[in-house]
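[1] I would like the atomic coordinates for the input below:
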Amino acid sequence: MGFYFRLLVLACFISPFLGCKNTTPKDDGSTKADITSDRPNIIFIMDDQHRWDALGKINSQVITPTLDSLATHGIYFSQAVCQAPMCVPSRNSIMFGLYPNQTGVFRNNGGVPDSLIPGKTMAQYFKDAGYETAGFGKTHWGKYKTNTRGFETRYVSEIPEDGAISMAEMNPDAKARYDVEIAPMGAGEENNLGYLGFTSKLPESDHRDGWITKQAIDYIKKRNDERPLFFYLSYMKPHAGHNVPEGYEDLYAADTIQYAQQPPWEADYSPHSEGVNRRDMYEDYWKNASEEEWKLMTMRYYANVTWIDNMMGRTLKALKDKGILDNAIVIYTSDHGEMLGERYYRFNKYNLYEASVRVPMILSGSALPNTVQKNTVNNRPVENIDVLPTLLSAANIDLDKELPGQDLLGPIKRSGSFSALHEHDGEAAFMWRTQEYKLILVFERQKMVEDYKEEHILTGEFYNLSKDPNEWDDLYGNESVQEIQNKFTKALVAHLQKQ
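    Numbering: from 1, shown residues only. Next up, the predicted model:
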């Protein structure tokens, strides 16, 4: 089975992008309005807790032919970061195009009701501009039950929305079977069994992401609408639990998998995120785990990535077969990363270290301007809030109000990238990052973002990412980096006061 399964999987991955037709006008001096007069379909794909380096393009351990093909036909942004390393604030930032201080959503226990939303959502922008809007999968607006916020067609696998069709109501038996399988994995499927994982005994269609993929492909095949399409596809994996359907683990040799190496410490060192999110549970278990368990856990995370990549590929193939990719912009990102045991047995996210705050980001599609060089790596400091202005610009849709993000196809004018963490009461941690250096500052929490001043700094961390990519050597306050640390501090405070 393994050999034929591999052939089937790889064929599904690669085929959507072979022979894609580029309908973009030639670079002949046309204006932006000319280029976007035939408005492109917009395909936005996102998954959950996908490490920045879990891509075959940059990590030979990982099998992701769909994402690799997207990058080959577009731009891979190597330095992209999220705005908050946890689901709810990150996803609100992406969908509104605003920083957490502007959405008012800081933690996973937050959110805003429909009556108090801080602006138009991504889907609402496209709906108002005459697009058909269809959304499949996770959005995770937060603690309030919302309406579909601009989606005309809406399918959700887990979190209900008024006006959406849910897995629980459409296929309750399948949802019940899945809930039984994941029950031992605990809250959020994130206990130690959730990370160690096991091969699922359920068919793909009983999994939430499998169900979403089926609804998306069925919709595409039946679609009969002349309007341009805004299509949103968002997965709940590779977030734990690692109960990947049968076959995907067969693509990996667990005994060859490289896993997180631990720093030479006797205790956790993380001044901006000490004690957050079940640290003791993970540390006690994984400190004593066998090498086989470490390899299995890491391999199953990658197998989850591969499964999601496969479903993305099948969905994109359906879009291609329908002609929707003939004139389309495709963008992919994740809401945040996954520590996967790095930095002294840390799992999930909730910190501003690289594996948590960086995300994979790819911009592709047949409607990219001919001036864009394909199969390129872009090292500029980009952020997830850049997704919304980029897509609106590609569709020639005007903003209702100024957004802080920037068009990924234009000049990026920021000198560094920003992210925020509000997990400790009375404190707020902010990051200012370039490809070479990272500053993390912990402040006394202020009521208004513009109130943050240097005198409110409690502590900090500073890392030379070029020399210390694992972030094991904190240089904060070290005389050798004082000049660049001061420069980053001023840039970070200035950025806060502009939000």
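[2] quick one, what contacts K322?
    Neighbouring residues of K322 by C-beta atoms under 8 Å, 6 or more residues apart in numbering: 220-221, 223. From N, CA and C alone the C-beta is placed, and that goes for glycine too.
[3] mind running it again at 6 Å?
    With C-beta atoms under 6 Å, 6 or more residues apart in numbering as the criterion, the residues that contact K322 are I220.
[4] Run through the stretch 1-150 of the chain and note the low-pLDDT ranges.
    Applying pLDDT under 70 to the stretch 1-150 of the chain picks out residues 1-37.
[5] Now do the helices in it.
    2-14, 32-35, 65-72, 87-96, 100-103, 122-128 (DSSP state H, counting those that start in this stretch).
[6] which helix of this protein spans the most residues?
    The helix that spans the most residues within the chain, counting by DSSP state H, is helix 291-321.
[7] what bridges to S334?
    Per DSSP bridges, residues listed as beta-bridge partners of S334: D47.
[8] wait, A428
    Partner residues in beta bridges with A428, using DSSP bridges, are F443.
[9] Pretty sure it sits against L421.
    No. With contact defined as C-beta atoms under 6 Å, A428 does not count as touching L421 (7.4 Å).
[10] neighbour count winner among those two?
    L421 (28 against 24; other C-beta atoms under 10 Å).
[11] OK, contacts around that one?
    Residues 352, 429 are the ones in contact with L421 under the rule C-beta under 6 Å, 6+ apart.
[12] Phi first, then psi, for it.
    When quoted as degrees, to the nearest 10, the phi and psi of L421 stand at phi -140, psi 130.
[13] That one and G410: what is the separation?
    Applying C-beta to C-beta, to the nearest Å, the value for L421 to G410 is 29 Å.
[14] thinking again about what came up before, so what does the longest helix of the chain touch, helix or strand wise?
    Counting by 3 or more C-beta pairs under 6 Å, 6 or more residues apart in numbering; DSSP states H and E, the packing neighbours recorded for helix 291-321 are helix 2-14, helix 65-72, helix 192-196, helix 208-222, strand 229-238.
[15] Which of those sits closest to Y131?
    strand 229-238 (4.5 Å; C-beta to C-beta).
[16] Contacts for the closest one next, please.
    Counting contacts by C-beta under 6 Å, 6+ apart, the residues outside strand 229-238 that touch it are 41-48, 50, 126, 131-138, 208-209, 216, 301, 304-305, 308.
[17] What is the neighbour count of A80?
    25.
[18] List the residues that contact it.
    Counting by C-beta under 6 Å, 6+ apart, the residues that A80 touches are 359, 361, 382.
[19] Verify the contact between the last one and F77 for me.
    The one in question is V382. Yes. Under the contact definition of C-beta under 6 Å, V382 touches F77, with a separation of 4.9 Å.
[20] leaving aside the residues next to it on the chain, what's closest to P263?
    On the basis of C-beta to C-beta, 6 or more residues apart in numbering, the spatially nearest residue to P263 that is not a chain neighbour turns out to be W472, at 4.4 Å.
[21] same question but for D400, I mixed them up
    Nearest non-adjacent residue to D400, counting by C-beta to C-beta, 6+ apart: K120, 5.5 Å away.
[22] Fine, thanks again, bye for now.
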